[in-house]
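Q: Okay, structure incoming, though there's no sequence with it:
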């Protein structure tokens, strides 16, 4: 049987995730220090709390703990999600809140219910690769919008919108990650958030707001007020808001959620029935218990300090090892440091050299839908211990200096 | 913002699952006896084993237990899956085996990687509604093939294929559930399995074989040999095989898997990256431990007896209460009894009446892609206790007798 002639046109456009690919590389070499995946630090998980919770849940034998559950989500958990949204300034209800199997499923639901082949999605340059893949898989056309230090460039946004419309194409939504963006770490200014909302209402283009990192601002550089979701000020149902417990509790539980207009949530619910029936019920019960027992509330301030410290260690090491060669905006929250390489240094070429030195990262090009970005690299400081971050930065510096020397005029390229 | 004008064409074709809908009805009335969902009996879950496993996993703090995992699946679990496949006669490897988030995700992966709008899928009349929804959501055309007592009608299959091809349409695959089909409970004969394989090779049409119930044959009516997967004799890569732990361990763990040609698994892997990144890692670890500690092997023979007994109770009650009015083929395994109603009795009308009597089921029409099937009902005996099965059948019988009386000539309809 020859499947190449049977695959769908969507399947033909699907591409391997560059982050997942790096994961495969890392799994094959135990001595490698990986700054590639946006994984939380496993030593910060609330292991003992989850153990106590699992013990109680399985001893209690509440029939639905191990059963299929409603597609919409475990109802007491949805109540908790509504409370969390409220604390972020977002007013929600059962009709506007839906549990998803990780935020990746939220992106997939957006893609499948809103996009037809040829529809246009606007995204920041750079943007999260998982979103790019989810939108590309329905054969949408992805068009990039420039970023500035305080987030998306609103003039460019308007220019791009006009241009796309003049080409006769339909813009279905704008995708943004206002808080500590993956990969750039940037924080969208409050003023721009409000202006984006106005724009969305005026132009009739919904905003898909992805917010996995909002809780993880660093107290030496940002405040809770600065992370206020766009959705909090959404009076016209313009925003589909995605958020998750993967970065605060644990990714293994695959529990995330969406706050969106009721008509959108209803559509997501029906789509999800045929996608995975329901998010894991045991996982949802564990997450629910972690919320009502105060595990989440206790952990978040600890996690801010935990990741801030790792960020500080990485910045210190990079400054010491690579001052003048590499630049970056200080991460004010989240998991990522977004570094600009020296002029003419290609991140893919550097990656090969870095692997020889026992360190990996994600080359920047993957985050740009316009083919640019090859002079950037994404360094994730979230997973490695401070000692490994130090060590990894030394290795990275050696690779960059080597590549820098190789790029000097008169020097033969050896990479 | 008006989303009705923004939804995709795929979203426009999505329909609420009739089974999930019944779940919502059941959740609203505690006194209702539901024969609607194909849920396993929660009292048969290995609660204590899972509690011990969870305790060990969380105490051990193995870094990847709560972390993101590879899209392909937790590798030691994949080794176990390959062993299970081997016992079913299927030869598999890491390249041909992939973990999915429930079998529903397997159906979704099939749909997304193989179907373009307008492509044709052949399915049995009746077929599983979750498969129908997954295939319909990519705007494929679903064409039904008749069933006989020993499974799919091979003459009708050939006729349908010719007709569809003459209409200039492309058949992408045939979907079948050979073992104790949902909803009809039928078991495909071994001879027909081999003839289907020949057909697939000859016509170049792959078979998607869905096998969630194969382990659960009833020893008073079927043998392990009779459940041999079509995939076991697949020499030409003609079969994409889906199976799951939801019916044997627990649905909450959302752990299922696919055995398929390497090129198909590679495509599924890339698609899954953008769908949910990975199946829950904690769930996969629990399932892995349940396999290597012998929980699964111990449970399966017990479950055969457990569900056989429930089947016997339901058959006894129906025979006693409804002899002559309702007929059905004896379920030889699985979760479902597929009953034919008296002539002219519409299952949707009966459902309304049954709700008044405090019992629900799934009306047959939902399982037929050709709009037929209204005179059938699917009764799931898997979830309710024997006492509730008795009670539910008494209620059902009252509703059927009432509706039967209402249908007699000269009697005014009251439904």
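A: Received the coordinates, thanks. Quick caveat: nothing in here was measured; it's all calculated off a predicted structure. Residues are numbered from 1 along each chain as shown, chains lettered A, B, ... in the order given.
Q: Name the residues of the stretch 101-250 of chain A found near chain B, please.
A: Within reach of chain B by Cβ under 8 Å from any Cβ of the partner chain, the stretch 101-250 of chain A has these residues: A:101-102, A:104-105, A:107-108, A:112-116, A:119, A:130, A:133-134, A:136-138, A:172-173, A:200-201, A:204, A:206, A:236-238, A:246, A:250. Every residue, glycine included, has its C-beta placed from N, CA and C.
Q: Buried subset of those residues, written for ChimeraX?
A: Listed next is the ChimeraX selection for buried residues among those, using 16 or more other Cβ atoms under 10 Å in any protein chain shown:
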select /A:101,102,104,105,107,108,112,113,114,115,116,119,130,133,134,136,137,138,172,173,200,201,206,237,238,246,250
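Q: Select from the residues of the stretch 101-250 of chain A next to chain B every entry located in helices.
A: Per DSSP state H, helices hold the following members of these: A:102, A:104-105, A:107-108, A:112-114, A:130, A:133-134, A:136, A:200-201.
Q: Just put those in JSON lines and tack on distance to residue A:355.
A: Shown next, in JSON lines, are those (distance: Cβ to Cβ, whole Å):
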{"residue": "A:102", "distance to residue A:355": "28"}
{"residue": "A:104", "distance to residue A:355": "27"}
{"residue": "A:105", "distance to residue A:355": "32"}
{"residue": "A:107", "distance to residue A:355": "29"}
{"residue": "A:108", "distance to residue A:355": "31"}
{"residue": "A:112", "distance to residue A:355": "36"}
{"residue": "A:113", "distance to residue A:355": "40"}
{"residue": "A:114", "distance to residue A:355": "39"}
{"residue": "A:130", "distance to residue A:355": "23"}
{"residue": "A:133", "distance to residue A:355": "23"}
{"residue": "A:134", "distance to residue A:355": "28"}
{"residue": "A:136", "distance to residue A:355": "27"}
{"residue": "A:200", "distance to residue A:355": "42"}
{"residue": "A:201", "distance to residue A:355": "48"}
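Q: Turn those residues into TSV, including pLDDT.
A: As requested, those are exported to TSV (pLDDT from 0 to 100):
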residue	pLDDT
A:102	98
A:104	98
A:105	98
A:107	98
A:108	98
A:112	96
A:113	97
A:114	97
A:130	96
A:133	96
A:134	97
A:136	95
A:200	98
A:201	97
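Q: tell me which of these is nearest to residue A:314?
A: residue A:130 (22.6 Å; Cβ to Cβ).
Q: Spit out the contact partners of the closest residue in space to that closest one that isn't next to it in sequence.
A: Nearest residue to residue A:130, sequence neighbours excluded (Cβ to Cβ, 6 or more residues apart in numbering or on different chains): residue A:104, at 5.5 Å. Residues near residue A:104 by Cβ atoms under 8 Å, 6 or more residues apart in numbering or on different chains: A:130, A:134, B:274-277.
Q: Same question for residue A:318.
A: Residues near residue A:318 by Cβ under 8 Å, 6+ apart: A:326, A:328, A:337, A:339, A:393, A:396-397.
Q: so which of these is the most crowded?
A: residue A:396 (29 neighbours; other Cβ atoms under 10 Å in any protein chain shown).
Q: Secondary structure element holding residue A:76?
A: Residue A:76 belongs to helix A:75-87 when assigned by DSSP states H and E.
Q: who touches that helix?
A: Residues from elsewhere that reach helix A:75-87, judged by Cβ under 8 Å, 6+ apart: A:72-73, A:91-94, A:97, A:99, A:241, A:255, A:257, A:259, A:284-285, A:287-288, A:291-292.
Q: List the buried residues in it.
A: Here helix A:75-87 shows A:77-78, A:80-82, A:84-85 as buried, counting by 16+ other Cβ under 10 Å.
Q: Same list (those) but as TSV, adding pLDDT.
A: Below are the buried residues of helix A:75-87 laid out as TSV (pLDDT from 0 to 100):
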residue	pLDDT
A:77	98
A:78	98
A:80	98
A:81	98
A:82	98
A:84	98
A:85	98
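Q: Please dump the residues you listed into JSON lines; it should also carry distance to residue B:3 for every row.
A: Below are the buried residues of helix A:75-87 laid out as JSON lines (distance: Cβ to Cβ, whole Å):
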{"residue": "A:77", "distance to residue B:3": "25"}
{"residue": "A:78", "distance to residue B:3": "21"}
{"residue": "A:80", "distance to residue B:3": "26"}
{"residue": "A:81", "distance to residue B:3": "21"}
{"residue": "A:82", "distance to residue B:3": "21"}
{"residue": "A:84", "distance to residue B:3": "24"}
{"residue": "A:85", "distance to residue B:3": "20"}
